[in-house]
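Student: give me coordinates for this.
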Amino acid sequence: MANENNGTNVIPEILPVLPLKDSVFFPYMIMTVNVLRGFSASAVNRAITGEGFLMVTAQKDATLDEISDRSLYLTGTVATIVRMQKNYDGSMKLLIQGFKKASLGGVVFDDEGGYYKAKVQPIEEIDDSQNMHAQALMVEIQAQIKTIAEKGEIALPPEALGAIQSVKNPGRLAEIILNHLSKSLDLSQRVLEENSQLKKLQIVHENLEKEINLLEIQSDIRNKAKERLGKAQKEYYLKEQMKQIQKELGNDDPHLSEIQAYEKKLSEANLPENVKTEATKQLDRLRTMNPAASETVVVKTWLDTILELPWNSETPDNKDISKAGQILEDDHFGLQDVKERILEFLAVRQIRGSSKSPILCFIGPPGVGKTSLGKSIARALGRKFYRLSLGGLHDEAEIRGHRRTYIGAMPGKIIEGIKTTGAMNPVFMLDEIDKVGKDFRGDPSSALLEVLDPEQNFSFLDNYIGIPFDLSKVFFIATANWEETIPAPLKDRMEVIRLSGYTDPERLEIAKKYLIPRQLENCGLDKKDITFSKDALLFISRRYTRESGVRNLERNIGSICRKVTTLKVQKKPFPKLITPKVAEKYLKLPPFSDTELDYDSRVGVVTGLAWTQFGGSTLKIEANWMKGKGGLILTGQLGDIMKESARIALSFIQSNAETFGLGSDFTIENKDIHIHFPAGAIPKDGPSAGITITTALLSLFLKKEIDPLIAMTGEISLTGEVLPIGGLKEKLLAAGRNKVREVFMPEKNRALYESIPEEIKEGIKVHFVSEYTEIFKRLFRK
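Tutor: Coordinates of the predicted model:
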């Protein structure tokens, strides 16, 4: 303990304040404090560089960070810093010693130092060490503490017991006891504020009496519980004797029978050595367990899972490349990139005998056949197929499994899928990998990193199983609609194959080969009952669907087939040939027109090309101006990227006004410009509208109409450079569907354009441009 005789004149009148959230600090005590708040750290630094004193007091409300006279107890302890350690995260760890009780007031924040400070007044206590009543209370309290310690109800360190038994000062005795036993902040503060040492002892004695009474009640409760437990143990022994009697009479013990069944399964199962060792260990535990214990169920479930997993079971691959290729052709039209990749895998496997299965990721809009393609790959390889939907998955344990700490624990979806297929080498589809969620339960996409990494997944550790499992033979296929929402580390582990939308000829072939036969079978019709004409299929595709895939096309074909089936059952006449007129009669009013375009030319209106998750579409961009103050109005539910494109386009025109024939004095200071993208209910974003917005603005400023059958796509920079874009195939499909004659696109997309099938490019004249001035010369200088 520090010397109590230190003079009060050594304590400065104003000291930095260190507020404590959950404890009261007494004089002459030594305490470790973790300093996390910035203003507290600044107060410590000020004390170290100053006189070495801190005013330590408790907060009334630990949730508040704002410090004032109202939020602090106004009686605390002046402390000195014994040792200070700075942590790597900027926090501090202090060892402080109480010096003198003091009151504080006038708490203010020191803006320059970044800490709270207050006026401090040392407090002298009434010395009752010679008071006979106080001495008697000290003896009584020391006896109480000894009784509590002997019962072992409250753990006190030996040094604390020694201090309690040897201290002579009544006030110090009360404070030492509270420092080790009290959980009440208010009680400790009440003793600190009391200036009479005798009254401090009285408060502590009263609370120790309550504590001893409470401990006696708890002891009585425990004794009664032991009596009940003894009765339960007696019942258990009687039941065991009953089981032994039943065994002597020839009746088997169900628990023993289960263990024998597990032993037989383990001996017959073809398990790896490490798996067999762990399973035997768990079976030995099961033997010693009470059959009624909850942990028995956990061990049994774990053994069942281990025995059901295909540790060494594989389905033989189909090594006939020609047959595999024919299966893929029969199931899907087009998609040559995917088919070639599967045949390459089979060829390598046939030469090497074994190889790591590829990890593919199909990215494309809905309805283009990603999931059904996975089933076809499984059929072509002769493997089993399992599909796991990841959409909306938030819990990491769904991938890695739950730890065996409770009855409801279970393995993750990956291991569950392997168990369901009964083979180590299935085709495993991870559907909608771009829609995986993330919250406080973990990040499933991070858990998938191990699953989809060929260098790691040979020893995938599921938390439930607790034994490494080899996933390297599994053929993983992921699917996604949006590439941007797939985490970069996850995408890096997969071989991305992009599936774009179908052309009209491809839709016709798919409808003839797959959709119509399937719907005829579903509706109980024969091929001779009805036939769809080519014009009818085109009519349904263009007037009743707006999609990249064929889902809605199949739904409409199915709707017509069901109506024909109804007429057939009612024995009413029905048309044998489905024409556009018949299709419109059955499907009612078409929701879409022949074209998305308005073919009337207008100043300030230009046709753009856009990509959506449902494929390509044409987009009319409108520009107008009116009296104003030089503002730019953007409407049509645009994203940040398109808003920036509009601002860049306007800045580019203003900085090159003379080049574009607007004159050197061109200004929009007295005008407001409004750019609108129709269909305002649909969100729009992406870096491909720059040159279209620029053309619409120049059309407005120069009062020159642009032919609506001329479309364009490409981003623009502030210097007029035309930047490359994506989704080119889908955009050209939209252009062809709307009878667009000419398309302007970036020169940097020429190589991508050359890879697009000729049937898509047919009838469209393409202009490749590197600078916007090339577009200006063609459209505005004729």
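
Student: which one is K748 nearest to, not counting chain neighbours?
Tutor: Spatial nearest neighbour of K748, chain neighbours left out: P724 (4.0 Å); criterion: CB to CB, 6 or more residues apart in numbering. Every residue, glycine included, has its C-beta placed from N, CA and C.

Student: same thing with D672?
Tutor: G628 is the one closest to D672 (CB to CB, 6+ apart), at 2.7 Å.

Student: and for I141?
Tutor: With sequence-adjacent residues excluded and distances taken as CB to CB, 6+ apart, I141 is closest to H205, at 5.5 Å.

Student: gap between that neighbour and L198?
Tutor: Here H205 is placed at a distance of 11 Å from L198 (CB to CB, to the nearest Å).

Student: so what sits against both of the two?
Tutor: L137 (CB atoms under 8 Å, 6 or more residues apart in numbering).

Student: now do the helix or strand hosting E278: distance to the chain's middle.
Tutor: Using DSSP states H and E, E278 falls within helix 273-288. Offset of helix 273-288 from its chain centre (CA atoms, centre = their mean, to the nearest Å): 36 Å.

Student: pLDDT (mean, whole number) over that helix?
Tutor: Averaged over helix 273-288, pLDDT sits at 86.

Student: and what of stretch 49-63?
Tutor: 88.

Student: now stretch 365-382
Tutor: Averaging pLDDT along stretch 365-382 gives 83.

Student: how about it: buried residues?
Tutor: 365, 367-371, 373-381 (16 or more other CB atoms under 10 Å).

Student: so where is the stretch 151-300 of the chain shaky, pLDDT-wise?
Tutor: Applying pLDDT under 70 to the stretch 151-300 of the chain flags the ranges 151-156, 227-232, 234-253.

Student: and the chain, by the same measure?
Tutor: Ranges of the chain meeting pLDDT under 70: 1-9, 151-156, 227-232, 234-253, 353-356, 439-442, 594-597, 613-615, 680-682, 782.

Student: just want the most central residue of it.
Tutor: K438 (1.4 Å; CA atoms, centre = their mean).

Student: which residues touch that one?
Tutor: K438 neighbours (CB under 8 Å, 6+ apart): 394, 444-445.

Student: could you export the residues you listed as TSV, including distance to G639, secondary structure and neighbour count?
Tutor: Output for these, formatted as TSV (distance: CB to CB, whole Å; DSSP: H, G, I helix; E, B strand; the rest coil; neighbours: other CB atoms under 10 Å):
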residue	distance to G639	secondary structure	neighbour count
H394	26	coil	14
P444	27	helix	23
S445	24	helix	21
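
Student: take the helix or strand where I648 lies, keep the C-alpha atoms, and write them as CSV.
Tutor: Per DSSP H and E, I648 falls inside helix 640-655. Extracted in CSV, the C-alpha atoms of helix 640-655 (Å, rounded to 0.1, in the frame of the first residue of the first chain):
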residue,chain,number,x,y,z
ASP,A,640,-24.6,6.0,-61.2
ILE,A,641,-22.6,4.8,-64.2
MET,A,642,-25.2,6.1,-66.7
LYS,A,643,-25.5,9.4,-64.9
GLU,A,644,-21.7,9.8,-65.2
SER,A,645,-22.0,8.9,-68.9
ALA,A,646,-24.5,11.7,-69.4
ARG,A,647,-22.3,14.3,-67.7
ILE,A,648,-19.2,13.2,-69.6
ALA,A,649,-21.1,13.5,-72.9
LEU,A,650,-22.3,17.0,-72.1
SER,A,651,-18.8,18.1,-71.0
PHE,A,652,-17.2,16.6,-74.2
ILE,A,653,-19.7,18.5,-76.4
GLN,A,654,-19.1,21.8,-74.6
SER,A,655,-15.3,21.4,-74.8
